[in-house]
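# take this sequence and fold it.
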Amino acid sequence: MTPFSTAEIESIRREFPALHQEVHGRPLVYLDSAATALKPQNVIDAVTQVYARDCGNIHRAVHALSERATQSFEGARSKVRLFVGAAEDAEIIFVRGTTEGLNLVAESWARNNLSEGDEILITGLEHHSNIVPWQMAAQKTGAVLMVVPVTDSGEVTLEAFQAALSTRTRLVSMAHVSNTLGTVLPVKQFTELAHQAGAVVVIDGAQAVAHLPVDVRAIGCDFYSFSAHKLYGPTGTGVLYGKRSLLEKMPPYQSGGDMIRSVTFEKTTYNELPWKFEAGTADIAGVVGLGAAIDFMQRFSFEALAQRDHELLSYGTEALSSLKGVRLIGTASEKVSVLSFVMEGIHPHDIGTIADSVGVAIRTGHHCTQPLMERFGLAATARASLGIYTRREDLDALIVAVRKAQEMFHG
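Take a look at the predicted model:
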């Protein structure tokens, strides 16, 4: 039973202007929230407010516009801290997105703490953003990149993770939720094991924050990064959480304005946390918009959202599985939000094109997880992903699109 009534779901949908349009003469069915979630009106209004009324630079002036912008910006930092359970605002670093957050750790922590023969451990589920920075760090330091294998159902088992840890493991980085398969990793257990091995733990939370409650202190991780745009917020904005004890020892990732305490031609001293890692003018409107997205999300309980996500996933899984020639990729017992599939004799790009022709937006391709695709012997999949606005009717429309593709290719 869905935890939201039909009237409540329709009320939520009315808050998302992008949903109320036609594509190729059909009402839009948006099933690509894992790529980017649509934006509710309160987020759009918050961003507009910054540019229309509070368009001053932060931390740099005493005039009213600057003070209002600074208050909104730093207020959003406090909202993020509470949202993810960090100990203090200083542990919340604003970045451009998950990718920059992971690169910040790779550049400022890994390259200064790893040495030849050390091991960096990731899983076979990772997005390219959680692979390439560690490859580059390994090349620079002489460390070795190790990978925990993925099962046929798309899971990373506790046994496989334990077996991959060694006395040389210095850093573990893993997705909280797979963007391609929807698999939820047991990050708390994995973090405990990694810490027992003496490793620092980094978590890519891009796909988790809109679907699961996140408490970084309960998880115990050292770093946690996510993007605003997966959380119904603006693009180009994100967060890196880091433990103060680590952040204080790390050199700045970039240099310039606002990350300094004093500058002479002979010497520069750096600002306090978190501003030491926030060089230059921030995406002020984006950060304020992220704060508004958190306000939106906090109207709902994650328990209710999880129940609804599970109901929709079960409905979609059953419907797709009943179609001849359709194979689901990723059947983990713990998963959220993603239905990734292939069809016999039809390329995923053709599925996506046909779906678009009837107004259904899905993602097709390797989803920035080429090593995972290779693990399953695939070049690409079609992926439908759910958001807070998704209805059963949207999944019914997906099934109609899939059947149309079958008819066009197989008669």
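# same question for the host helix or strand of V105, mean pLDDT?
Using DSSP states H and E, V105 sits in helix 98-105. On average, the pLDDT along helix 98-105 is 98.
# could I have the CA atoms of that helix written out in CSV?
Coordinates of the C-alpha atoms in helix 98-105 are reproduced here as CSV (Å, rounded to 0.1, in the frame of the first residue of the first chain):
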residue,chain,number,x,y,z
THR,A,98,29.9,15.0,-6.1
THR,A,99,32.6,14.9,-8.7
GLU,A,100,34.5,17.9,-7.3
GLY,A,101,34.0,16.6,-3.8
LEU,A,102,35.7,13.3,-4.6
ASN,A,103,38.5,15.1,-6.6
LEU,A,104,39.1,17.4,-3.6
VAL,A,105,39.7,14.4,-1.4
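# in the next helix or strand after it, what's buried?
Helices and strands here follow DSSP H and E; after helix 98-105, the next one along the chain is helix 111-113. Residues of helix 111-113 classed as buried by neighbour count (16 or more other C-beta atoms under 10 Å): 111, 113. C-beta coordinates here come from the backbone N, C-alpha and C atoms, glycine included.
# for helix 111-113, what is the average pLDDT?
Mean predicted lDDT for helix 111-113 stands at 96.
# who touches that helix?
137, 140-141, 170, 200, 250-251 (C-beta atoms under 8 Å, 6 or more residues apart in numbering).
# starting at the chain centroid, how far to the helix holding V105?
12 Å (C-alpha atoms, centre = their mean, to the nearest Å).
# what is that helix packed up against?
If you count contacts as 3 or more C-beta pairs under 8 Å, 6 or more residues apart in numbering; DSSP states H and E, helix 98-105 packs onto strand 92-95, helix 132-141, strand 200-204, strand 223-227, strand 238-242.
# what angle separates the next helix or strand after the longest one from helix 132-141?
Next along the chain after helix 132-141, taking DSSP H and E as the criterion, comes strand 144-148. What separates the directions of strand 144-148 and helix 132-141 is an angle of 150 degrees, with axes from the mean of the first three to the mean of the last three C-alpha atoms, to 10 degrees.
# what comes up buried for strand 144-148?
Buried residues in strand 144-148 (16+ other C-beta under 10 Å): 146-148.
# which of these sits closest to R14?
Checking the buried residues of strand 144-148 against R14 by C-beta to C-beta gives V148 as the nearest, at 43.4 Å.
# my read: that closest one touches L121, true?
Yes: counting by C-beta atoms under 8 Å, L121 is a contact partner of V148 at 6.7 Å.
# can you list residues touching both of these two?
Counting by C-beta under 8 Å, 6+ apart, the contacts common to V148 and L121 are A164.
# middle-most residue in this protein, spatially?
Centroid-nearest residue in the chain: A206, 1.1 Å away (criterion: C-alpha atoms, centre = their mean).
# residue contacts, it?
Applying C-beta under 8 Å, 6+ apart to A206 gives the contacts 97-98, 127, 175, 179, 225-227, 230.
# quick check: mean pLDDT of stretch 392-409?
Mean per-residue pLDDT for stretch 392-409: 97.
# what's opposite V263 in the beta bridge?
Beta-bridge partners recorded for V263 (DSSP bridges): T268.
# now it: how far from L171?
32 Å (C-beta to C-beta, to the nearest Å).
# of those two, who's got more company?
L171 (27 against 11; other C-beta atoms under 10 Å).
# so the more buried one sits right up against I122, yeah?
No: with contact defined as C-beta under 8 Å, L171 does not reach I122; the gap is 9.1 Å.
# between these two, which contacts overlap?
Common neighbours of L171 and I122 (C-beta under 8 Å, 6+ apart) are W134.
# next up, the contacts around the residue lying closest to G75 once chain neighbours are set aside.
Closest residue to G75 apart from its sequence neighbours, by C-beta to C-beta, 6 or more residues apart in numbering: G291 at 6.3 Å. The contact partners of G291, by C-beta under 8 Å, 6+ apart, come to 46, 72, 75-76, 79-80.
# likewise for G256?
279-280.
# what of H349?
So H349 contacts 364-365, 380 (C-beta under 8 Å, 6+ apart).
# now swap in I122 and tell me
Taking C-beta under 8 Å, 6+ apart as the test, what I122 contacts is 130-131, 134, 145-148, 172-174.
# so how far is P40 from V47?
With C-beta to C-beta as the criterion, V47 and P40 are 11 Å apart.
# for the residue nearest to the centre of the chain, helix, strand, or coil?
For A206, the assignment made with DSSP: H, G, I helix; E, B strand; the rest coil gives coil.
# quick one: the helix holding V105 to strand 238-242, angle?
30 degrees.
# hmm, back to that, now render the contacts of H349 as TSV, adding neighbour count and secondary structure.
Output for the contacts of H349, formatted as TSV (neighbours: other C-beta atoms under 10 Å; DSSP: H, G, I helix; E, B strand; the rest coil):
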residue	neighbour count	secondary structure
T364	19	strand
G365	18	strand
A380	19	coil
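# out of those residues, which one sits closest to T331?
A380 (18.3 Å).
# three-state assignment of A35?
Taking three-state DSSP as the rule, one finds A35 in the coil state.
# gap between it and T331?
Per C-beta to C-beta, A35 is found 22 Å from T331.
# between V47 and P40, which has more neighbouring residues?
With neighbours defined as other C-beta under 10 Å, V47 and P40 compare such that P40 has more, 25 against 22.
# wait, the more buried one sits on F16?
Yes: taking contacts as C-beta under 8 Å, P40 lies within contact range of F16: 5.6 Å.
# name the element L121 belongs to?
strand 119-123.
# what residues sit buried inside the lowest-mean-pLDDT helix or strand in the chain?
Lowest by mean pLDDT, DSSP states H and E among the helices and strands of the chain is strand 260-263, with a mean of 80. Buried residues in strand 260-263, counted by 16+ other C-beta under 10 Å: I260.
# can you check stretch 320-340 too?
Going by neighbour count (16+ other C-beta under 10 Å), the buried part of stretch 320-340 is 320, 326-332, 335-340.
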